[in-house]
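Student: please find the sequence and the predicted model below.
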Amino acid sequence: MIRETLERLAAEDNLRTLPQIGIDGKYVVFDGKRYLNLSSNDYLGLSCSGLHREFMHRAAEEGTFLLSNPSSRLLTGNSPDYTRLEEALSELFGGRAVLVAGSGYAVNTGILPALTRKGDLVLADKLVHASLIDGLRLCEARWERFAHNDTEHLERLLVRRGDYRDVWIVTESIFSMDGDRAPLRRLSELKRRYDLKLYVDEAHAFGVCGPDGRGLAAEEGIEDDCDIRIATLGKATASQGAFCVTDAPTRDFLVNRMRTLIFSTALPPLSLRWSEHIVRLLPRMEERRKRLRDYSASIAGDTLHSHILPLPAGENSRAVEMSRRFREAGFWVMPIRYPTVPRGSARVRISLNAALSREDIRQFIETCANIG
C-alpha cells in the first residue's frame, strides 16, 4: 500500500519531498545556488534585520538561559518567561487574557475540542486551515462548513440551525492559501444578531495588519466581538509558538481542559524571551507594515489583497512547472497542490516580506509577465 501510494503521488505530480536548504538573509540556498525567498512566513523580515544578533548579545550578557524545556507548563516548564510574554501580549491586546502554547497547530487542534460539547454547533469557513479541520474532527459538537466567505450561505445555516446550546463561527482573518480577507464586520453582525461565539485565526494577520500589528480584527474594529482570537509567533514575529486571546475565565478553563497544552513540552525560555522582545517592538514597526502593503499593491494592483499572493496554475503539473521557471529566474517559489488546496486549484504561493527591496519586486513582476 505504501509503495503504491507513493507511485500514484509521483504520477500525479503530487509527491512531496523535504528540500535541504539554508537561509542567507532574504535568500534561500539550495544546491549551492541562492534564490530570493518568496516562500517564507517571516512577513516583517525580522530574521534578517539584525535584531537577532542584538538580542543574543544582550541575552548572553544577562547570564545563563535554557535552550530547551524539561516538561509541560503544568509541571516544571512554566518559566517566568511565559509570564512576561503573556503580559506583553496582554498589554498589546488591551488587557485581554492571553495563553501561550507550543504551536498554531496545537492551539487550533486543542481549543475547540476543549470549549465545545455535545449539543453545540460549529460553522467553519470552507477554507479554514487544516489544523482547524483536525480540531473540528476531535470535537464532540456537530460541525459544518459554509462556502468560503459566503455570509449569505452562513446565515441560511443559522436560520435552520435548530436547538443548540452554543453556536460558533470559525474563520481565518487572512486565509493562508488565497491571501484574501474574511468579511469580519459582517460576521460580527451575525454574531450579535444570532447570539453566537466567534473564533478568528489571525495567524497570517498578526504583526502585519491593524493598529500596532494586532491583526485584522483590530483593523476592522471588531476585537470586542471575538470570543477567541489565535495567532502564531512563528510567522511575522520570527519566533516559535502560538497564543490565544480571550477572557480570563476562558483562559483558566483552557489551562484545565486543553489537551494540546496539558500534554505538550513547554517552549524554551530563550524563544519566549525573543518573542516578548519582538511583541514589545511591534507598535514601532509600522514602516515595515507599510512596505508590505506597498509591495502587495505593486503586484496585485487595486485588488484588496494581502502579503500572500496566489498565482493560479490549475493542475499540479502546471504549478510544478511554474515553480521550476521561477527558480530558473532566481526566485524560490513553491507549488501548492492538493490536498493543501482543492483539486484543480493548484497554484504557486507568493509570500512577501519587508526585507525585500523595490528592485526585488520590480524584477519579480517582470518574471511573472514572462512566465504568464
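Tutor: Cool, the structure landed.

Student: my guess is residue 316 contacts residue 335, does it?
Tutor: Yes. In this structure, residue 316 is within contact of residue 335 by CB atoms under 8 Å, at 7.3 Å. Any C-beta I mention is one placed from the backbone N, CA and C, and that applies to glycine too.

Student: of these two, which one has the most company?
Tutor: Using other CB atoms under 10 Å as the criterion, residue 316 and residue 335 rank with residue 335 on top: 23 against 20.

Student: quick one on the thing from earlier: can you list residues touching both of residue 316 and residue 335?
Tutor: residue 346 (CB atoms under 8 Å, 6 or more residues apart in numbering).

Student: quickly find the element holding residue 272.
Tutor: Following DSSP states H and E, one finds residue 272 within helix 269-281.

Student: list the buried ones in the next helix or strand along the chain from that helix?
Tutor: Later in the chain than helix 269-281, the nearest helix or strand by DSSP H and E is helix 286-300. Using 16 or more other CB atoms under 10 Å as the test for burial, helix 286-300 gives 288, 289, 291, 292, 295, 296, 299.

Student: then stretch 86-99?
Tutor: 86, 88, 89, 92, 93, 96, 97, 98, 99.

Student: cool, stretch 13-25 as well?
Tutor: Result for stretch 13-25 [16+ other CB under 10 Å]: buried residues 13, 14.

Student: now do it: everything it contacts.
Tutor: With CB under 8 Å, 6+ apart as the criterion, stretch 13-25 contacts 6, 9, 28-30, 34, 37, 47-48, 315-317, 319-320, 337-338, 355.

Student: same thing but 10 Å
Tutor: Contact with stretch 13-25 is made by 5-9, 27-32, 34-35, 37, 39-40, 42, 45, 47-49, 315-321, 332, 334-335, 337-340, 343, 346, 355, as judged by CB atoms under 10 Å, 6 or more residues apart in numbering.

Student: again, but for stretch 154-168
Tutor: 112, 115-125, 136, 139, 141-147, 150-151, 169, 171, 183, 186-187, 189-191, 193-199, 227-228.

Student: now list the buried members of the contacts of stretch 13-25.
Tutor: Buried subset of those (neighbour count, 16+ other CB under 10 Å): 27-28, 35, 37, 39-40, 42, 45, 47-49, 315-316, 318-321, 332, 334-335, 337, 340, 346, 355.

Student: which of these fall in strands?
Tutor: Residues of the buried ones among the contacts of stretch 13-25 located in strands (DSSP state E): 27, 28, 35, 37, 332, 335, 346.

Student: and the furthest pair within those residues?
Tutor: For these, with distances taken as CB to CB, the pair at the greatest spread is 27 and 346 (25.4 Å).

Student: quick one, domains of the chain?
Tutor: 54-283, 285-372 (automatic domain parsing).

Student: pick the most buried one from the ones you listed.
Tutor: Stretch with highest mean neighbour count among the domains of the chain: domain 54-283 (a mean of 19; mean count of other CB atoms under 10 Å).
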